[in-house]
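**Student:** Here is my input, please return the structure:
(one chain, ligands or ions: 1)
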Amino acid sequence: MKKKKNSSGSTIESIMKETRKFPPSKDFREQAHIKSMTEYNNMYKRSIEDPEAFWSGQAEKELDWFKKWNKVLTWEPPFAKWFEGGKINVSYNCLDRHLKTWRKNKAAIIWEGEHGEDKTLTYQQLHREVCRFANVLLTNGIKKGDRVCIYLPMVPELVISMLACTRIGAVHSIIFGGFSAAALGDRINDCGAKLLITSDGSFRRGKRIPLKANADIALINSPSVENVIVVNITGLEVKMKGGRDHWWDDVVAHESTMCECVAMDAEDPLFILYTSGTTGKPKGILHTTGGYLLYVHVTAKYMFDLKEEDTLWCTADIGWVTGHSYIVYGPLSIGATSVMFEGVPNYPRPGRFWEVVEKYNVNIFYTAPTAIRAIKRDGDEWVKKHDLSSIRLLGSVGEPINPEAWRWYYDVVGGGRCPIIDTWWQTETGGALITPLPGAMTLKPGSASRPFFGIKAEIFDEEGQNVRSNQGGYLVITKPWPGMFRNLWGDEERFKSTYFSQYAGIYFTGDGARIDKDGDFWLMGRIDDVVNVSGHRIGTAEVESALVSHLAVTEAAVVPIPHEIKGQGLFAFVTLKKNTEPDKALKVELLKHISKEIGPIAKPEMIQFTEALPKTRSGKIMRRILKQIAMDRVDVGDTTTLADPSVVDRLIEDRKNL
Ligand code: PRX
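**Tutor:** Okay, the predicted model is just below:
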């Protein structure tokens, strides 16, 4: 934390502090699901004192079950089972049940393309398309429990594919369209997918990205995939392999628009979503059916204060968990209207987001701090040009939102009228765990407020003791909740050791946090070797192993640096093989190599070539020191434990000249 001297000579914190508080307005409060702190406190207390009664009450009230469960919770840490014996189907809850109501002909998904084209799917239309595609899956031999990988941009076929999988009990695994062929191949192989859904390409800032060509490369070494369904989006020329590859339009044309839902066990797998960890190998986060659906439904309802008549726009890509939970499953199970956007915030103009808000009269707008900072930089006039009066609630997710961005979001986008929910959660948690409830809570910019119902969040020190208020420590969740992931696909040992070994049987989030004296949570970022770049989680080990897979590289260490727009960026220290020229061309080549191995999101901001890295006598790279050097600091702390402390001086010198 930067310190500076004030006039009296004592040190004061120079980071901007926002001490203003923002209580809910009377208007918002009166129409909200949860209208006061008393209401929140009472409900929270019940949810913690008797979670089984609380969650079974919610499950009964909010979801449609084919058969009621026998047991609400079995908790044998770290393994949780919710609603055992219960039979349910996600597609039924997101579609069929609405067809019996006035929502039948209401917009479920409003899709906005990058070039301004649009398409609306009502609940009834979406149901028809989902049934048709579920029949395609069945025709292609996909059965309950089979894995289906989806590598698509933000197009309606993505939502149709997901819901079709859930309808027949197939387990989907979506791979973000920005990932490379190599990353796609690893994920397909890890989950043993039988079928892949992809497209010829995707649009990105007017360019066409060749997804099918990437998939073809991935499939060379992915023998489990028997069939590939290809959506025609960009008109890019693609190679179709006879017998394996089929055009989406051709295969759906023959199928019926009726398809029975499979009654799934509550604990049957629903999806796998890969996320980065502290080793090179991504983790397959496994979510199951009943608990996940209930948790995303209930969180969407209360944190977004979501009503069926609302239009919600979550700007995330469905390739990340935010899109799974709050574009698709949460809003559709509630029966709201969800906007799905193919483009980016500032193409072809900086005001693109606000054009979309105005076009659809969006009521709830949910985005990431990185987008807010980028839009802010483009200037207020791009926001002010548009009528944003339909918005009644703003949200933020993915990384801590700095108070300055918060205030701008509040004043300029929200016109000083709309509460902001800063929602903290993770791929592993399924839905938000720490979030304001906007009709009840007084907001403090930079704080994610309080734990959601049923969430017992605490801050521990190294020994597992609760720290005092305002003291930083490790954020842990000490009780199970329905939306928690159940395992890592095919790697139970890693599941146990990564998340439940620091404090036996307690979920270790990997984030640091503090609780202030009012009981509000302040997130302090990751405490492991995971970096949040533009709200995307990247394991530094993954980038390091991509670097060392290049022929010229002997060793690499990657650390985070602060970044004005992205929140955090990556800085790579790279040691080259003997007789390799450390020139600019090689840097460009290494960046390309990382794009190829992982994807453009993992490209470092800077690369520094170095003869040696600072290591302990046992050979461990001292990342603590590298973090300081990357930030161009001269005072790097204690170097006495290093095998060769002189390495540090050279690194500091070279950093200056970068
Ligand atoms: O460090 C936290 C940060 O994002 C991590 C989870 O990343 P991922 O699994 O990709 O899921 C992102 C979307 C849910 C967390 O460990 N994070 C997420 N939301 C916040 C946050 N950090 C601070 N404040 C938040 N609101």
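**Student:** Need the single longest helix in this protein, by residues.
**Tutor:** Among the segments of the chain that qualify as a helix by DSSP state H, the longest is helix 123-139.
**Student:** Show me which parts of it are buried, residue by residue.
**Tutor:** 123, 125-138 (16 or more other CB atoms under 10 Å). C-beta coordinates here come from the backbone N, C-alpha and C atoms, glycine included.
**Student:** Output that helix as PDB, restricted to C-alpha atoms.
**Tutor:** Extracted C-alpha coordinates of helix 123-139, given in PDB (Å, rounded to 0.1, in the frame of the first residue of the first chain):
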ATOM      1  CA  TYR A 123     -39.900 -19.300 -23.900                       C
ATOM      2  CA  GLN A 124     -42.100 -21.400 -26.300                       C
ATOM      3  CA  GLN A 125     -39.700 -20.900 -29.200                       C
ATOM      4  CA  LEU A 126     -36.700 -21.600 -27.100                       C
ATOM      5  CA  HIS A 127     -38.400 -24.800 -25.800                       C
ATOM      6  CA  ARG A 128     -38.900 -25.900 -29.400                       C
ATOM      7  CA  GLU A 129     -35.300 -25.300 -30.400                       C
ATOM      8  CA  VAL A 130     -34.000 -27.000 -27.300                       C
ATOM      9  CA  CYS A 131     -36.200 -30.100 -27.900                       C
ATOM     10  CA  ARG A 132     -35.100 -30.300 -31.500                       C
ATOM     11  CA  PHE A 133     -31.400 -30.100 -30.600                       C
ATOM     12  CA  ALA A 134     -31.900 -32.500 -27.700                       C
ATOM     13  CA  ASN A 135     -33.200 -34.900 -30.300                       C
ATOM     14  CA  VAL A 136     -30.100 -34.300 -32.400                       C
ATOM     15  CA  LEU A 137     -28.000 -35.200 -29.400                       C
ATOM     16  CA  LEU A 138     -29.900 -38.400 -29.000                       C
ATOM     17  CA  THR A 139     -29.700 -39.200 -32.700                       C
END
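**Student:** moving C-terminal of it, what's the next helix or strand?
**Tutor:** strand 147-151 (DSSP states H and E).
**Student:** helices or strands up against that following strand?
**Tutor:** Contacts defined by 3 or more CB pairs under 8 Å, 6 or more residues apart in numbering; DSSP states H and E place strand 147-151 against helix 156-168, strand 171-174, helix 181-191, strand 195-199, helix 211-220.
**Student:** Would you format those as JSON lines with distance to the ligand, mean neighbour count and mean pLDDT included?
**Tutor:** As requested, the helices and strands packed on strand 147-151 are exported to JSON lines (distance: least, CB to the nearest ligand atom, whole Å; neighbours: other CB atoms under 10 Å; pLDDT from 0 to 100):
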{"stretch": "helix 156-168", "distance to the ligand": "17", "mean neighbour count": "27", "mean pLDDT": "98"}
{"stretch": "strand 171-174", "distance to the ligand": "13", "mean neighbour count": "25", "mean pLDDT": "98"}
{"stretch": "helix 181-191", "distance to the ligand": "15", "mean neighbour count": "22", "mean pLDDT": "96"}
{"stretch": "strand 195-199", "distance to the ligand": "22", "mean neighbour count": "27", "mean pLDDT": "98"}
{"stretch": "helix 211-220", "distance to the ligand": "22", "mean neighbour count": "21", "mean pLDDT": "98"}
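**Student:** Just grab the bridge partners of the residue in the stretch 151-300 of the chain that the ligand sits nearest to for me.
**Tutor:** In the stretch 151-300 of the chain, no residue comes nearer to the ligand than residue 275, which is 5.2 Å away by CB to the nearest ligand atom. Beta-bridge pairing for residue 275 (DSSP bridges): residue 283.
**Student:** what about it, how many residues close to it?
**Tutor:** Using other CB atoms under 10 Å, residue 275 has 20 neighbouring residues.
**Student:** Test my guess that it contacts residue 537.
**Tutor:** Yes: checked against CB atoms under 8 Å, the pair residue 275 and residue 537 is within contact range at 5.8 Å.
**Student:** Tell me the strands beside the helix or strand containing residue 554, with direction?
**Tutor:** Assessed by DSSP H and E, residue 554 sits inside strand 553-563. Strand 553-563 has its sheet partners listed here by DSSP bridges as strand 567-576 (antiparallel).
**Student:** Give me the mean pLDDT for the strand it pairs with.
**Tutor:** Averaging pLDDT along strand 567-576 yields 96.
**Student:** what angle separates the following helix or strand past it from strand 553-563?
**Tutor:** Where DSSP H and E defines the elements, the next helix or strand beyond strand 567-576 is helix 584-597. Interaxial angle, helix 584-597 versus strand 553-563 (axes from the mean of the first three to the mean of the last three CA atoms, to 10 degrees): 80 degrees.
**Student:** Show me which residues of the stretch 401-550 of the chain are close to the ligand?
**Tutor:** Contact residues, the stretch 401-550 of the chain versus the ligand (CB under 6 Å from any ligand atom): 422-427, 448, 510-511, 523, 526, 532, 537.
**Student:** wait, residue 344 sits on residue 353?
**Tutor:** No: counting by CB under 8 Å, residue 344 does not reach residue 353; the two are 9.1 Å apart.
**Student:** rewinding a little: ok, which of the helices and strands packed on strand 147-151 comes nearest residue 605?
**Tutor:** helix 181-191 (20.3 Å; CB to CB).
**Student:** and the closest one, what other elements does it pack with?
**Tutor:** By 3+ CB pairs under 8 Å, 6+ apart, helix 181-191 packs against strand 147-151, strand 171-174, helix 211-220, strand 269-275, strand 283-288, helix 584-597.
**Student:** got JSON lines for these, with distance to residue 60 too?
**Tutor:** Putting these into JSON lines (distance: least, CB to CB, whole Å) gives the following:
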{"stretch": "strand 147-151", "distance to residue 60": "31"}
{"stretch": "strand 171-174", "distance to residue 60": "26"}
{"stretch": "helix 211-220", "distance to residue 60": "42"}
{"stretch": "strand 269-275", "distance to residue 60": "20"}
{"stretch": "strand 283-288", "distance to residue 60": "19"}
{"stretch": "helix 584-597", "distance to residue 60": "48"}
